[in-house]
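Participant: Just the structure for this:
(one chain, ligands or ions: 1)
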Amino acid sequence: MTKKKYESLPFLILVVSTSILIMCLTSLLLLPSELGLTESYPPGPKVVNMPTLNAWVKYRDWGNKYGDLVYLPKWNTLITNDAGVAIDLLEKRARIYSDRAMSPIMKLCGGENLLSVECYSDKWRRDRRVFQQTFRQAAIAQFYPVQYNKVHEFLRKLLLTPEDFMQHINGISQGLIPKALYGLDIGPEDALARKVAEIIDTFGKALLSGSFPAYEWFPFLIYMPSWFPGCGFKQIASECGKVVEEIYTVPFDLAMNHLQKGSRTSPIVELAMQKPQDLKEIKAMGTMSIIGAIDTTMSSICSFILAMCLHPDAQTKGQEEIDRVIGKDRLPTFEDRRHLPYVEAIYREVMRLHPPVPLGFPHISMEDDFYRGYHIPKGCAVVANIWAMNRNPNVYQDPDEFLPERHLKSAAGPFESIDNIYAYGFGRRVCAGRYMADNTIWLTVASVLAAFTMGKAKDGNGNEIDIRGEFTNHFFRYPKPFKSSILPRSRVAGDLVLATVD
Ligand code: HEM
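Facilitator: Below you'll find the model as predicted:
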């Protein structure tokens, strides 16, 4: 009996170890919930109120305390300050993390027809397909003539009234898409442009948790009239919805009128005539691009000018490169881009330090997921803190310093794909207008560097006026108004700018 037991021992060991192996392998394939293990969410603070000002700084502080994944249970929100996590979740698992939250407020704002905030659905897919047909990399050269036209107009305005440079930045940011898509000249003084500028702030609020505290605490308020105490947000949101409707119809109708009167045609009208079955999506593309371009383009150009005023050495290096590579008798063109690595590095450094949308747009998870041993529940809002990942001290030496050289020294060099510019977001919801935005900002950077010297303005006694370098701190981040001196680099440079008149 004892011998028999002894003889069967190897068999028993084999059975037990095989079972253990099978269990281990199964556990790799099965999700923790299926194995009946306790669910554990990533760590995080038990916050009741979300920070709404400089939220990216607070989010980074939480990351330093809790790690790469910070989960806020009350808000079902996961924050990450790490680019690797953002890529793992939002890109590699894009199948799960590509939804948006269509809150009742966002609906009132007119968000259901805006690609950037639409839920991940067949409608979003149709809208995105039509959008990309016009704004994909291979199609983007169609906008070069308008981009030259608008950037050169910007240079002329800088030459004539440099003190109004912020207004001129608004002008190019608001005017480029209406001109490029609809053939319309719309300036910052235009009524529609002013309304659009106003509603963008409302969208920012609707996207940032904590902006409408009364409604977030008492969601039933959405059913109360807007005069009811605490329901002011409804009024703001419905105004926003009306403006979105106006942007949907007014510029398109104007462009159609121009065609019917025989004065001129435009890309959007031509597209509508070629594909009448896609009319709704085409008009939505126009609406989205007008709204999507304004604050983002304005922020980047303004941050560039601020950086040049504060970092004259980087400015000089960029100008010397332009003089060396293309000379002083013409302005830069897109063909020059590949030959201007330092100018490229200035552009990349502006986008690194000053992403216009520091927290991106939240991506909502469409199913339960498990990552690094944690449960990420369905419906979770994943916030990629782009501002913090771009200042990660483990990736960037002296992360808060403006050092274009870092892009020259990086393994990929300054010309790496713009898909690696985190400012444009991640995965299937990555900015669909990024190729156009990238071209506009690069051309502005190169052209302004070629023609002007930027620095601190002087007061009546000839003393330099300090630039505090402050930024807005809500959803969009851009420099607060500052004074600067913007002078043509030489008489020849001034003449070059004047000669750009069509
Ligand atoms: C400096 C300029 C710009 C920056 C930094 C920027 C940034 C962003 C970011 C962070 C997102 C969200 C990405 C995500 O969810 O991961 C986004 C979405 C989007 N952007 Fe931009 N953007 C810029 C310019 C533009 C322009 C000029 C257009 C239009 C021509 C545009 C159209 C869009 C659209 C359509 C989406 C929504 C994509 C979707 O949800 O499917 N953007 N952008």
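
Participant: residues near Gly413, how many?
Facilitator: 12 (other CB atoms under 10 Å). C-betas here are computed from N, CA, C, even on glycine.

Participant: For it, give me its contacts.
Facilitator: Pro341, His407 (CB atoms under 8 Å, 6 or more residues apart in numbering).

Participant: how much space is there between it and the ligand?
Facilitator: 21 Å (CB to the nearest ligand atom, to the nearest Å).

Participant: a strand runs through that residue, doesn't it?
Facilitator: No: applying DSSP: H, G, I helix; E, B strand; the rest coil, one finds Gly413 to be coil, outside a strand.

Participant: do you know how far it is from Phe426?
Facilitator: Distance from Gly413 to Phe426, counting by CB to CB, to the nearest Å: 22 Å.

Participant: So Leu159: helix, strand or coil?
Facilitator: Going by three-state DSSP: Leu159 is helix.

Participant: thought it was touching Asp495?
Facilitator: No: distance between Leu159 and Asp495: 10.0 Å, which falls outside the contact criterion (CB atoms under 8 Å).

Participant: And the two? Which one has more around it.
Facilitator: In this view Leu159 and Asp495 are compared by other CB under 10 Å, and Leu159 has more residues nearby, 20 against 12.

Participant: Which residues are in contact with the more buried one?
Facilitator: Ala451, Pro488, Gly494, Val497, Leu498.

Participant: need the residues of the stretch 301-450 of the chain near the ligand, please.
Facilitator: Applying CB under 6 Å from any ligand atom, one finds that the stretch 301-450 of the chain approaches the ligand through 356-357, 360-361, 363, 423-426, 429-433, 436-437, 441.

Participant: Out of those residues, which sit inside strands?
Facilitator: The strands, defined by DSSP state E, take in His363 from those.

Participant: For stretch 471-481, buried residues please.
Facilitator: Phe471, Thr472, Asn473, Phe475, Phe476, Arg477, Tyr478, Pro479 (16 or more other CB atoms under 10 Å).

Participant: do the same with stretch 265-282
Facilitator: Quick answer for stretch 265-282 (16+ other CB under 10 Å): Ser266, Pro267, Ile268, Val269, Leu271, Ala272, Asp278, Glu281, Ile282.

Participant: now the third one, nearest residue through space, not along the chain?
Facilitator: Spatially, and ignoring its direct neighbours in sequence, Ile268 is nearest to Leu181 (4.7 Å; CB to CB, 6 or more residues apart in numbering).

Participant: Now do the contacts for the one you found.
Facilitator: For Leu181, counting by CB under 8 Å, 6+ apart, the contacting residues are Thr134, Ser266, Pro267, Ile268, Gly286, Ser289.

Participant: Show me the two of those that sit farthest apart.
Facilitator: Ser266 and Ser289 (13.0 Å; CB to CB).

Participant: Could you identify the longest helix within this protein?
Facilitator: helix 279-310 (DSSP state H).

Participant: Pull the distance from the helix or strand just after that helix to the chain's centre.
Facilitator: Remark: after helix 279-310, the chain's next helix or strand is helix 312-326, criterion DSSP states H and E. With CA atoms, centre = their mean, to the nearest Å as the basis, helix 312-326 stands 28 Å off its chain's centre.

Participant: Show me what helix 312-326 is packed up against.
Facilitator: Packing contacts for helix 312-326, counted by 3 or more CB pairs under 8 Å, 6 or more residues apart in numbering; DSSP states H and E, involve helix 279-310, helix 341-353, helix 434-451, strand 452-456.
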